[in-house]
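> model this:
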Amino acid sequence: MKRFLPPRTPQEQIFCKQVLTLAARSEKTTRPCFSSFLDERQQQLARAQLAANNATQHLFFGGFDAAERKVLCVYLDEPPELWEWPFYVVRLRWKTGGATLTHRDYLGALMGLGIERRSLGDLLLCEDGAYLFVVSTQAQTVCDELLSVGRVSVTATLCSELPSEHELPQPEQKTINVASLRVDAVLAAVLHTSRSDAAALVSSGKVMVSHLEVDNPSFLMEEGDSLTVRGVGKFRLQQIGGESKKGRLFLSLLQY
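Below you'll find the model as predicted:
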């Protein structure tokens, strides 16, 4: 397991208890039991909690291989089939004026309907709208009530099946070289800014690494970490490559 930090807040402690409750329910009913959508930090906590308690078998799935937000399933014998997972894909489309809509715009509109973040999986922007992964109990609400995002009219329809990988928007691949794996060094290279400006951004509390807020510029990133900068965007450290003759590290990142 990669870097692990135990539960740091009362909310995370409550979440860990909920994971064990889910496992106990699966053992009692002998049926697969599912969580809501979990972010990367929650997935990490769930894995550690289940492993420490020798709980039932489990897996995570968010609709496609590279999904960030995933549903946890705990089961005794057989994992669930694709059609058994408790979420649907909603296709959002705009007619005109929606080219500048962002993740924040879509999520804001969904929150305005009273839909909680835990009910929503990944939201993937495409040329004429977005794909949204949403728990089954809320999918029809989205289709019936999401009529606009900001001032842009949209339509929302259920997809009959999960989209294939080639239908999903692909993140942009970037290669950078850095002096170290410190978060300020990586951030400076990604944003094409100075190291001091990157450090100030980290210290301001606007940077998260794998859904953990970091305020220390010397925090070391690891392969597989996501890097989210509030109001700017999200990146994932896909691979740590070799070193240059001057000792700089080559990194492969995905930009979302």
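
> Would you map the strands across the chain?
Secondary structure of the chain, counting by DSSP state E: strands at 33-38, 57-61, 70-75, 87-94, 120-126, 129-135, 148-149, 152-158, 172-178, 207-209, 212-213, 226-229, 233-243, 249-255.

> Where does pLDDT dip in the protein?
Within the chain, the ranges that satisfy pLDDT under 70 run 1-4, 165-166.

> which residue is nearest the centroid of it?
With distances taken as CA atoms, centre = their mean, the residue of the chain nearest its centroid is residue 68 (3.2 Å).

> And the strands of the chain: which comes nearest residue 46?
When those are compared by CB to CB, strand 70-75 sits nearest residue 46, at 5.4 Å. Using the backbone N, CA and C atoms, a C-beta is placed for each residue, glycine as well.

> CA atoms only: put the closest one into PDB for me.
Once non-C-alpha atoms are left out, strand 70-75 reads as follows in PDB (Å, rounded to 0.1, in the frame of the first residue of the first chain):
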ATOM      1  CA  LYS A  70     -15.600   4.700  -6.900                       C
ATOM      2  CA  VAL A  71     -18.200   2.700  -5.100                       C
ATOM      3  CA  LEU A  72     -17.000   0.100  -2.600                       C
ATOM      4  CA  CYS A  73     -18.500  -3.400  -2.800                       C
ATOM      5  CA  VAL A  74     -18.000  -6.000  -0.100                       C
ATOM      6  CA  TYR A  75     -19.000  -9.600  -0.800                       C
END
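
> Determine the set of other helices and strands touching that strand.
The contact analysis (3 or more CB pairs under 8 Å, 6 or more residues apart in numbering; DSSP states H and E) places strand 70-75 against helix 10-29, strand 33-38, helix 40-52, strand 57-61.

> what's the most buried one of the ones you listed?
Of the helices and strands packed on strand 70-75, the one with the most neighbours on average (mean count of other CB atoms under 10 Å) is strand 33-38, at a mean of 22.

> That one - contacts with which helices or strands?
helix 10-29, strand 70-75, strand 129-135.

> what is the orientation angle of the first one with strand 70-75?
Read it as helix 10-29. 40 degrees (axes from the mean of the first three to the mean of the last three CA atoms, to 10 degrees).

> hang on, isn't residue 229 packed against residue 198?
No - using CB atoms under 8 Å, residue 229 is not in contact with residue 198, being 9.5 Å away.

> intersection of neighbour lists for those two?
Jointly contacting residue 229 and residue 198 under the rule CB atoms under 8 Å, 6 or more residues apart in numbering are 187, 191.

> about what we covered before: which residues does the residue nearest to the centre of the chain contact?
Contacts of residue 68 (CB under 8 Å, 6+ apart): 39, 40, 62, 122, 226.

> To what extent is the fourth one buried, counted in neighbours?
This means residue 122. 21 (other CB atoms under 10 Å).

> rewinding a little: ok, which of the strands of the chain comes nearest residue 191?
Comparing the strands of the chain by CB to CB, strand 226-229 comes nearest, at 7.3 Å.
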